[in-house]
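K.L.:
this is a predicted model, with the sequence first.
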Amino acid sequence: MRSIDSESKRILVIYTGGTIGMVNTPQGYAPQKEAFHALLNSLPELHARAMPQWDIVDMEPLLDSSNITVVEWNAIGRMIAERYDAYDGFVILHGTDTMAYTASALSFMLRYNNKPVVLTGSQIPLCEIRNDARDNLITALLIAAGGMVHEVCLYFGGKLLRGNRTIKYSADDLIAFESPNYPALAEAGIAIRYNRAALLPPCKGDFSLQPLENFPIGVIKVFPGIQFDLFDSIMTERLRGIVIETFGAGNIPGHAGALLPIIRRASENGTIIIVCSQCPHGTVSLGAYETSSALREAGAVSGYDITTEAAVAKLYYLFSRGLSSDAIRTRMERSLRGEISPAR
């Protein structure tokens, strides 16, 4: 149930591109904002009395989400910051491929945010008779107007998830996202049922936007037989941060003698090395096994149960704040926006 009348609320819809707003053209599906706006205005449900008032602004140019970068994250952040006082909530229409990255980035960029910022999209365009776009959009608007959420989240396929806890789970299913290590914030059935215990409480402080700078950051996925010496050439002082996706609880192959000196040297040069797990469920525990203890000794820090998407976004955010290497290492192991579970 909604605690506040939705019709009294004003919501800003930010259209960035993606499948939800694409229309069929002779060249295939493509975003066309005029056609999408006309389609939105033709849907009676979006103008029903129980719906909030909403306005829409478009990012220029509209993009497939695979082309979203730090530049677009900053543009979306500015759109919200410039209109923050004028609206009660925000819905961001976004392609699915990098939606979890954008949700993670915005969760850090929007400092002391107390308003709902809901990312959504679809696997099938709204222009098609059979689509998942209609429900995703309508429910995202109602959640943004509901007064229950004070954070960046992602609504898709009947579930509201914390933005910096999500991963894209499927390229084909209508339930495209999962939150592997944190419960859903809400589930939309006959009613929207909020999990109050899972929601972030309102924060104390004045809202501000932290723009991101495009620092050099890399991701390495460990696999059997990996030749770590091939990465020696990229582990220079220019590389500011690296996320290593290890096996299980933070394990690396026993023959990784070539990796540890590289990590140690990179750490001494100020590069931040974050260890994540390739397993969607579970947490990194450096030192639980001999093969992970060496990573800690070489200067790596644990990402615990953070997703790779959130780890990358968090590194951009902390570097952009101009913090020292030691301060960044400390904060990477600490939850800032609910992206990491308390240590067990």
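P.N.:
Ah, there it is. Just so it is clear, the structure is predicted and the values come from calculations on it, not from any experiment.
K.L.:
for G250, give me its contacts.
P.N.:
When contacts are counted by Cβ atoms under 8 Å, 6 or more residues apart in numbering, G250 touches V275, S277, V284, S285, L286, A288, Y289, S292, L295, S302. (Glycine included, C-beta is placed from N, CA and C.)
K.L.:
what's the closest of those residues to Y169?
P.N.:
Ranked by distance to Y169 (Cβ to Cβ), these are led by S277 at 16.2 Å.
K.L.:
what's around that closest one, how many residues?
P.N.:
27 (other Cβ atoms under 10 Å).
K.L.:
cool, Y194 as well?
P.N.:
With other Cβ under 10 Å as criterion, Y194 counts 20.
K.L.:
now the closest residue to it other than its chain neighbours, what are its backbone angles?
P.N.:
Of all residues not flanking Y194 in the chain, A186 sits nearest, at 4.5 Å (Cβ to Cβ, 6 or more residues apart in numbering). A186 adopts backbone torsions of phi -160, psi 160, taken as degrees, to the nearest 10.
K.L.:
show me what contacts A186?
P.N.:
For A186, counting by Cβ under 8 Å, 6+ apart, the contacting residues are I143, M148, V149, K159, L160, I192, R193, Y194, N195.
K.L.:
where's the nearest residue in space to F207 that is not next to it in sequence relative to H150, distance?
P.N.:
Excluding its sequence neighbours, the residue lying closest to F207 (Cβ to Cβ, 6+ apart) is Y112, at 5.0 Å. The spacing between Y112 and H150, counted by Cβ to Cβ, to the nearest Å, is 10 Å.
K.L.:
pretty sure F156 contacts T120?
P.N.:
Yes. Checked against Cβ atoms under 8 Å, the pair F156 and T120 is within contact range at 6.1 Å.
K.L.:
shared neighbours of these two, anything?
P.N.:
With Cβ under 8 Å, 6+ apart as the test, F156 and T120 both reach N136.
K.L.:
show me how the protein divides into domains.
P.N.:
6-209, 217-332 (automatic domain parsing).
K.L.:
what's the end-to-end length of the first one?
P.N.:
Distances were taken as Cα to Cα, to the nearest Å; on that basis the terminal residues of domain 6-209 are 26 Å apart.
K.L.:
pLDDT on that domain, on average?
P.N.:
What domain 6-209 shows for mean pLDDT is 95.
K.L.:
strands - which of the contacts of G250 land there?
P.N.:
V275, S277, S302 (DSSP state E).
K.L.:
tell me the one of these nearest I124?
P.N.:
S277 (32.3 Å).
K.L.:
tell me how far the nearest residue to that closest one once chain neighbours are set aside lies from L62.
P.N.:
With sequence-adjacent residues excluded and distances taken as Cβ to Cβ, 6+ apart, S277 is closest to V284, at 5.1 Å. Per Cβ to Cβ, V284 is found 37 Å from L62.
K.L.:
what about these two, which has more around it?
P.N.:
More neighbours surround V284 than the other of V284 and L62, with 26 against 19 (other Cβ under 10 Å).
K.L.:
and that one, how far is that from M332?
P.N.:
Taking Cβ to Cβ as the measure, V284 falls 12 Å from M332.
K.L.:
what residues are shared contacts of the two?
P.N.:
Residues touching both V284 and M332 (Cβ under 8 Å, 6+ apart) are G303.
K.L.:
so where does N136 fall, helix or strand?
P.N.:
helix 133-145 (DSSP states H and E).
K.L.:
for that helix, packing partners?
P.N.:
The contact analysis (3 or more Cβ pairs under 8 Å, 6 or more residues apart in numbering; DSSP states H and E) places helix 133-145 against strand 10-15, strand 89-93, strand 117-120, strand 152-156, strand 186-188, strand 192-194.
K.L.:
which residues are in contact with that helix?
P.N.:
Against helix 133-145 from outside (Cβ under 8 Å, 6+ apart): 2, 4, 6, 9, 11, 13, 19-20, 43, 45-46, 51-52, 54, 88-91, 93, 116-118, 120-122, 124-126, 149, 153, 155-158, 160, 186, 188, 192.
K.L.:
just the buried ones from those?
P.N.:
2, 6, 9, 11, 13, 19-20, 46, 51-52, 54, 88-91, 93, 116-118, 120-122, 124-126, 149, 153, 155-158, 160, 186, 188, 192 (16 or more other Cβ atoms under 10 Å).
K.L.:
how far away from the center of its chain is stretch 68-79?
P.N.:
Offset of stretch 68-79 from its chain centre (Cα atoms, centre = their mean, to the nearest Å): 13 Å.
K.L.:
report the contact partners of L126.
P.N.:
So L126 contacts I20, G21, F36, L39, L40, A133, R134, L137 (Cβ under 8 Å, 6+ apart).
K.L.:
highest neighbour count among those residues?
P.N.:
G21 (30 neighbours).
K.L.:
now it. Nearest residue, chain neighbours left out?
P.N.:
Nearest non-adjacent residue to G21, counting by Cβ to Cβ, 6+ apart: F36, 4.0 Å away.
K.L.:
the one you found in helix, strand or coil?
P.N.:
Secondary structure for F36, judged by DSSP: H, G, I helix; E, B strand; the rest coil, is helix.
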